[in-house]
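[1] quick one, what's the 3D model for this:
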Amino acid sequence: ERQNHEEAVVQEFRLASNGDNKNYDWIIGAYYMDQESSAAQQTELRGFTEWRMAADGVNPNYLGDFYDLSTNSSFDWTHDKTFTDKALFGEFTYHMSDALDLTVGARHFRNEQNVTSQTAFPIWFAFNPVIDADQDDSGTLLKANISYQLNDDQMIYGTVSEGYRRGGTNAAPVRPDEAYPNDPEWNEFAKDTVVNYEFGLKGFENDLRYTVSLFYVDWQDPQLNVATPSGAYYAVANGDSAATKGLETEFSWAATQDITVSGGYTYVNAKLTSD
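    Next up is the predicted model:
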């Protein structure tokens, strides 16, 4: 039996320029999220007590003293999480000429996360310690973009931006002794970050709209889906570094007044660069 619950309050406020000034545009804002979630699972071996007693009647030493006959619960797990995220952000675009635009942006954030988790295997007399993990993080993400109008129908652009994904907890059962192979360091995983580079061309010609872009993503401490050493639980662990690069294209062609043809092609090469 499983139970899952999640609720959140998210608020965002923005203030933007009205465009009266032809030399620049700007936007500023604030963001807030308060999230609560919980999950639980109970696994029962129905008929376990009767089976244990029947096996004992055949051979009293067959199973030894490994089991608690007062319960048929083989797994009991709870996971409660609270998360708050606060951020201030802004973006400023300066029209250096009729053809050249320069944009810079920033987002400053601070988040807090608390997770309380416990795992037990009652019929085996195994009760893991309650895990109470807290994570606090803050930082500033930056963005820069430059675009140039080659003519009335074509524009080239370049963008550099930073990305971020918060850390978290695995809630895989761990114990501090050597008898159980999941070390307590599996409790948590750290944030991962990226720096994105993109260069592209956008255009319109003879009823044909098109976009062509090259991109490269430098990824640090990537969060990877793995299994714990015991092999019994999926978990997240941080790698060292990864990279993604590729080409992306798309087009839309108004062949006639009634027919539009659209399509695209993407090539992606993504790999871990250091394990």
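[2] can you pull out the low-pLDDT segments for the stretch 1-150 of the chain?
    57-65 (pLDDT under 70).
[3] for it, what spans make up the strands?
    Remark: strands assigned in the stretch 1-150 of the chain by DSSP state E, counting those that start in this stretch are 2-16, 24-44, 73-95, 100-121, 126-127, 131-151.
[4] mean neighbour count and distance to T169 added to those strands, as TSV?
    Backbone N, C-alpha and C define where each C-beta goes, glycine included. Formatted as TSV, these follow (neighbours: other CB atoms under 10 Å; distance: least, CB to CB, whole Å):
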stretch	mean neighbour count	distance to T169
strand 2-16	10	15
strand 24-44	15	12
strand 73-95	17	8
strand 100-121	17	4
strand 126-127	14	19
strand 131-151	14	5
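[5] quick check: closest non-adjacent residue to the residue nearest the centre of the chain.
    Centroid-nearest residue in the chain, with CA atoms, centre = their mean: R165, separated by 5.4 Å. Nearest residue to R165, sequence neighbours excluded (CB to CB, 6 or more residues apart in numbering): D192, at 5.3 Å.
[6] could you do D134 as well?
    The nearest residue in space to D134 (CB to CB, 6+ apart) is N114, at 5.2 Å.
[7] could you pull out the strands for the stretch 151-275 of the chain?
    Shown for the stretch 151-275 of the chain, the strands assigned by DSSP E, counting those that start in this stretch span residues 154-165, 168-169, 188-189, 192-205, 208-220, 223-227, 234-238, 241-254, 260-274.
[8] A126 is nearest to which of those strands?
    strand 234-238 (19.0 Å; CB to CB).
[9] hey, what's L100 bridged with?
    When bridges are called by DSSP bridges, L100 pairs up with Y148.
[10] surely it touches N145?
    No. When contacts are counted by CB atoms under 8 Å, L100 is not listed as touching N145 (11.6 Å).
[11] picking that back up, between the strands of the stretch 151-275 of the chain, which one is nearest to N18?
    Judging those by CB to CB, what sits closest to N18 is strand 154-165, at 24.0 Å.
[12] what packs against that closest one?
    strand 131-151, strand 192-205 (3 or more CB pairs under 8 Å, 6 or more residues apart in numbering; DSSP states H and E).
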